[in-house]
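> Got a sequence here, can you build the structure:
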Amino acid sequence: MIRITRINEYSAVFRSYKIYIDEVCHGKIKVGETQEFEIGNGSHTVYAKLDWGRSNKLCVNVSDSIVDLEVGCNLAGWRWVLWRLYATVWAHKYLWLREKKSVDEPPEDVK
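Have a look, this model is predicted:
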């Protein structure tokens with residue numbers, strides 16, 4: 001199973017992101033929402049899309065445990081001034097998708 005949480009942010013607050021798993025749209029996710037997608041075990045490619053912009057493609061390996069991901073928009077904060085670049089050159093970076101860090105997991109520099 002893949003669980004995706006969309007973080008709370010102001011950009012595209014009234015819009016839903018489409019979630020693609022292996023190039024097939026499996027649903028939409030709203031701001032602050034968490035969606036779970038039942039998917040078979042194995043390797044899968046996941047990304048989010050909003051109109052012309054999308055996130056990075058993330059390869060995940062699904063087993064019996066839940067794969068926790070989070071998604072958001074790169075136009076948060078000061079980056080909104082770069083919207084023309086994200087609309088043209090960086091359309092594949094408009095959104096971001098990453099594995100959600102476990103609360104128990106130590107920070108990167110401690111490992």
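> for the protein, what spans make up the strands?
Assigned by DSSP state E, the strands in the chain fall at 2-6, 17-21, 24-29, 34-37, 42-50, 53-54, 58-62, 67-73, 95-99.
> Could I get those in CSV, plus columns for mean neighbour count and distance to Leu82?
C-beta here means a position set from N, CA and C on the backbone, and glycine is covered the same way. Shown next, in CSV, are the strands of the chain (neighbours: other Cβ atoms under 10 Å; distance: least, Cβ to Cβ, whole Å):
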stretch, mean neighbour count, distance to Leu82
strand 2-6, 20, 21
strand 17-21, 21, 19
strand 24-29, 14, 24
strand 34-37, 14, 28
strand 42-50, 17, 16
strand 53-54, 20, 12
strand 58-62, 14, 22
strand 67-73, 20, 12
strand 95-99, 17, 14
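> Adding mean pLDDT, write those strands out as a markdown table.
Shown next, in a markdown table, are these (pLDDT from 0 to 100):
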| stretch | mean pLDDT |
| --- | --- |
| strand 2-6 | 96 |
| strand 17-21 | 97 |
| strand 24-29 | 96 |
| strand 34-37 | 95 |
| strand 42-50 | 95 |
| strand 53-54 | 89 |
| strand 58-62 | 95 |
| strand 67-73 | 93 |
| strand 95-99 | 93 |
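> and of these, who's closest to Thr88?
When the strands of the chain are compared by Cβ to Cβ, strand 53-54 sits nearest Thr88, at 10.2 Å.
> What strands flank that closest one, and is each parallel or antiparallel?
Sheet pairing of strand 53-54 (DSSP bridges) gives strand 42-50 (antiparallel).
> quick one on the thing from earlier: can you tell me which of the strands of the chain is nearest to Leu85?
Taking Cβ to Cβ, strand 53-54 is the member of the strands of the chain nearest to Leu85, at 11.3 Å.
> Now find how far off-centre the closest one is within its chain.
10 Å (Cα atoms, centre = their mean, to the nearest Å).
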